[in-house]
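# Sequence and predicted structure below; questions after.
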Amino acid sequence: GLKRELMPKHVAIIMDGNRRWAKNRGLPVQLGHKAGEEVMKRIAVKCSELGVKVLTVFAFSTENWVRPQEEVGFLMKLFEQVIQTDFNDFIRHDMQISIIGDKSRLPKSLQSLITTAEESSKSNKGMRLFIALNYSGRYDITQATKKIASKVRDGILSAQDIDEGTFDQHLETSKIDFPNPDLLIRTSGELRLSNFMLWQIAYTELLFVEKLFPEFNEGDLLEALRSFQRRQRRYGGTQV
Ligand SMILES: CC(C)CCOP(=O)(O)OP(=O)(O)O
Ligand SMILES: [Mg+2]
């Protein structure tokens, strides 16, 4: 069974397979995304109950803009529902909600809902929920670099003082106790990172599962966590 003391502090999930799930059932893609959103809500609550400290879910990548207009429009409306309605479930578990990604390209209505959700949950003490919207690992590293370069220009930082910690402090997952995921789960059988948190996952255990995200349930989450707990993490160290 699961040991609480071996629970990963930070779990990240690439929620993939919504459209295939819909297609397999002859449903419109929108219902695949809707089904995925229901699963995300249940998995977030389960992670919180299991004592996970940080959960990061990849909900929309910078590459997803190329999708058909009606699908992107539907997804943006769905994200508004997540941070307006699902939000009530999240705060019932005292979760702190943060959106990571380039918010400037999101609809204005979504941007203001994000501000409200982040503001009203920022002093909560429960699990930290990061929802990655219009996010990518390369975007995150680039924005951190810009912030660091500005500080060097303004004399706040000297170039030789820049170290790995400097980046940890300027990425969008900074300012939390567990910025780097211990476990990254990707559903739908795809074996790639799709430009997710590239810097943060340097030592993250990767787990690829066949199930499409809408099929991923609490049992699959427990199995993923058991698989993580069975792994011996060496961080490149000498211990065998
Ligand atoms: C927007 C994103 C979370 C949706 C994930 O599922 P997907 O639309 O990539 O579905 P497919 O991989 O089946 O095309
Ligand atoms: Mg996909």
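That came through, no problem. Ligands and ions are numbered 1, 2, ... in the order given.

# All the strands of the chain, residue numbers only.
Assigned by DSSP state E, the chain shows strands spanning 10-14, 54-61, 96-100, 128-135, 183-186, 205-208.

# Out of those strands, flag the one nearest ligand 1.
With C-beta to the nearest ligand atom as the measure, strand 54-61 is the member of the strands of the chain nearest ligand 1 (5.1 Å). All C-beta spots, glycine's among them, are computed from the backbone N, C-alpha and C.

# I'd like to know which elements the closest one is packed against.
strand 10-14, helix 29-50, helix 69-81, strand 128-135 (3 or more C-beta pairs under 8 Å, 6 or more residues apart in numbering; DSSP states H and E).

# Save those as CSV, and put in mean pLDDT, distance to ligand 1 and mean neighbour count too.
As requested, the helices and strands packed on strand 54-61 are exported to CSV (pLDDT from 0 to 100; distance: least, C-beta to the nearest ligand atom, whole Å; neighbours: other C-beta atoms under 10 Å):
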stretch, mean pLDDT, distance to ligand 1, mean neighbour count
strand 10-14, 98, 8, 26
helix 29-50, 98, 6, 19
helix 69-81, 97, 6, 16
strand 128-135, 98, 9, 25
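
# of those, which approaches Ser61 most closely?
strand 128-135 (6.5 Å; C-beta to C-beta).

# Partner strands of the closest one, with direction?
Using DSSP bridges, strand 128-135 pairs in its sheet with strand 54-61 (parallel), strand 96-100 (parallel).

# about what we covered before: could you dump the strands of the chain to JSON lines with distance to Asp154?
Converted to JSON lines, the strands of the chain look like this (distance: least, C-beta to C-beta, whole Å):
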{"stretch": "strand 10-14", "distance to Asp154": "32"}
{"stretch": "strand 54-61", "distance to Asp154": "31"}
{"stretch": "strand 96-100", "distance to Asp154": "25"}
{"stretch": "strand 128-135", "distance to Asp154": "27"}
{"stretch": "strand 183-186", "distance to Asp154": "35"}
{"stretch": "strand 205-208", "distance to Asp154": "38"}
